[in-house]
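S.K.: Please find the sequence and the predicted model below.
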Amino acid sequence: MTIAQAPGKVILFGEHAVVYGRPAIAIPVQQVCATAEISQLPNAPSGQVFIQADDIALVKWLHEMNPDHPLARIINLTLQEIDISNFLPLKVKITSSIPIAAGLGSSAAISVSIARALTQHLGRPLSPEQVSSLAFEVEKLHHGTPSGIDNTVVAYNRPVYFVRGNPPECFSIGAPFTLLIADSGQASPTSIAVSKVRQQWESDPEGCEQLFDSIGEIADHARGLIKAGKISQLGPLMNKNQECLDALGVSSDLLDRLIQTALQAGAFGAKLSGAGLGGNMIALVNADCAADVQSALARAGATRRIRTEAKT
Ligand code: PMV
């Protein structure tokens, strides 16, 4: 049996603006992950793949699936990439602890874990760059214009500074820092938030471009601070980034409430993370205030809290 895992992720700075060519920063989140398990299937014809994804109640042969289903797509793309069709029949079992449609990179992590497990099992492991570009193809099924940041941070499993169309820059974190990730409990498909921003951009291109520029500057500034370990200065940048996201119309009442709650309980900065309109928010904390912020978030309605350490 071959097992491969891929982490969740959070975007620290730059979501949405990254779709329009500005930089963004994301880090992997090891507390949640997707797992793909490949095993041999006796008594089936060679080249056949059986898929079991209990989380979405899917148990099917690959050849019986719609080729546009994300699981079928990543398996077919991966087999094409390594150009192997005549293999002993396989079972691909997928599980994930990453909440779906919550801004934590669930779809990218599932694709990456499958591509990795399958290619390792067949003796043709791929580089992070190759795995990332396969997962990128699948991300396009979820929304038409993905920036590519999710598949990149998940496949490289490292903090990444990302500009669409450029090679990703993995960078070192000067001093570790702690984030609380809190789920609003509102499922929010990325495609809906991305098309909302698109509509706003079409009706007010200048205003949106200015907001994207501000977000890009924040991301650039933040990269320098994170590399230099100047963590205390990150909080105000997160708050500024949140103001821009709010102006783009992708916050929500519940996200706003969680953000205000975290700040009042002592967090140094807080913002939504990912597509917004629901999903998760992140708060920058230290050891002194983490427990207070975490329980305040729970009282304010966060359905799930994850504490993660950002480090190289
Ligand atoms: O919600 P997520 O984790 O899929 O993040 C989306 C990030 C966006 O910038 C809104 C879209 C993208 O493709 O980068």
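M.R.: Sure, I can see it.
S.K.: Mind naming the longest strand for this structure?
M.R.: Of all segments of type strand in the chain, defined using DSSP state E, the longest is strand 24-40.
S.K.: So what are the sheet partners of that one and their directions?
M.R.: Using DSSP bridges, strand 24-40 pairs in its sheet with strand 2-13 (antiparallel), strand 90-96 (antiparallel), strand 160-162 (antiparallel).
S.K.: Just tell me which of those strands ends up closest to I226.
M.R.: The closest approach between I226 and any of the strands paired with strand 24-40, judged by CB to CB, belongs to strand 2-13 at 7.9 Å. C-beta here means a position set from N, CA and C on the backbone, and glycine is covered the same way.
S.K.: Can you classify I114 as helix, strand or coil?
M.R.: What DSSP: H, G, I helix; E, B strand; the rest coil gives for I114 is helix.
S.K.: That one contacts L79, doesn't it?
M.R.: No. If you go by CB atoms under 8 Å, I114 and L79 don't touch, sitting 10.8 Å apart.
S.K.: between the two, which one's more packed in?
M.R.: Between I114 and L79, counted using other CB atoms under 10 Å, the more crowded position is I114 (31 against 19).
S.K.: Name the nearest residue to the more buried one, sequence neighbours excluded.
M.R.: In space, and not counting its chain neighbours, I114 is closest to A36: 4.5 Å by CB to CB, 6 or more residues apart in numbering.
S.K.: what sits against the one you found?
M.R.: The contact partners of A36, taken as CB atoms under 8 Å, 6 or more residues apart in numbering, are 3-5, 92-94, 110, 113-114, 116-118.
S.K.: top of the residues you listed by neighbour count?
M.R.: Compared across those, I114 has the highest neighbour count, 31 neighbours, by other CB under 10 Å.
S.K.: Quick check, the residue in the stretch 51-200 of the chain closest to the ligand?
M.R.: Residue nearest to the ligand within the stretch 51-200 of the chain (CB to the nearest ligand atom): S147, separated by 3.3 Å.
S.K.: pLDDT at that residue, what is it?
M.R.: pLDDT, S147: 95.
S.K.: what's the closest residue in space to it that isn't next to it in sequence in contact with, if anything?
M.R.: Nearest non-adjacent residue to S147, counting by CB to CB, 6+ apart: V18, 4.3 Å away. Contacts for V18 (CB under 8 Å, 6+ apart) come out as 11, 24, 147, 149, 162-164.
S.K.: which phi and psi does V18 have?
M.R.: Taking degrees, to the nearest 10, you get phi -60, psi -30 for the backbone angles of V18.
S.K.: same question, the one 3 residues further on
M.R.: The phi and psi torsions at G21 (degrees, to the nearest 10) take the values phi 90, psi 0.
S.K.: Hmm, G148 and it touching each other?
M.R.: No. Counting by CB under 8 Å, G21 stays clear of G148, with 11.7 Å between them.
S.K.: and these two? which has more neighbours close in?
M.R.: The residue with more neighbours, out of G21 and G148, is G148; 23 against 13, by other CB under 10 Å.
S.K.: List phi and psi for the more buried one.
M.R.: Backbone dihedrals for G148, given as degrees, to the nearest 10, come out at phi 100, psi 0.
S.K.: Equivalent analysis for C170, please.
M.R.: The phi/psi pair for C170 (degrees, to the nearest 10) reads phi -80, psi 140.
S.K.: Show me which residues of the stretch 101-250 of the chain sit near the ligand.
M.R.: By CB under 6 Å from any ligand atom, the part of the stretch 101-250 of the chain that sits against the ligand consists of 103, 105, 146-147, 149-150, 190, 193-194.
S.K.: Switch those residues over to JSON lines; also include distance to P45, neighbour count and secondary structure.
M.R.: Below are these laid out as JSON lines (distance: CB to CB, whole Å; neighbours: other CB atoms under 10 Å; DSSP: H, G, I helix; E, B strand; the rest coil):
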{"residue": "G103", "distance to P45": "41", "neighbour count": "29", "secondary structure": "coil"}
{"residue": "G105", "distance to P45": "35", "neighbour count": "29", "secondary structure": "coil"}
{"residue": "P146", "distance to P45": "35", "neighbour count": "24", "secondary structure": "coil"}
{"residue": "S147", "distance to P45": "40", "neighbour count": "26", "secondary structure": "coil"}
{"residue": "I149", "distance to P45": "40", "neighbour count": "29", "secondary structure": "helix"}
{"residue": "D150", "distance to P45": "35", "neighbour count": "30", "secondary structure": "helix"}
{"residue": "T190", "distance to P45": "37", "neighbour count": "21", "secondary structure": "helix"}
{"residue": "A193", "distance to P45": "43", "neighbour count": "26", "secondary structure": "helix"}
{"residue": "V194", "distance to P45": "41", "neighbour count": "21", "secondary structure": "helix"}
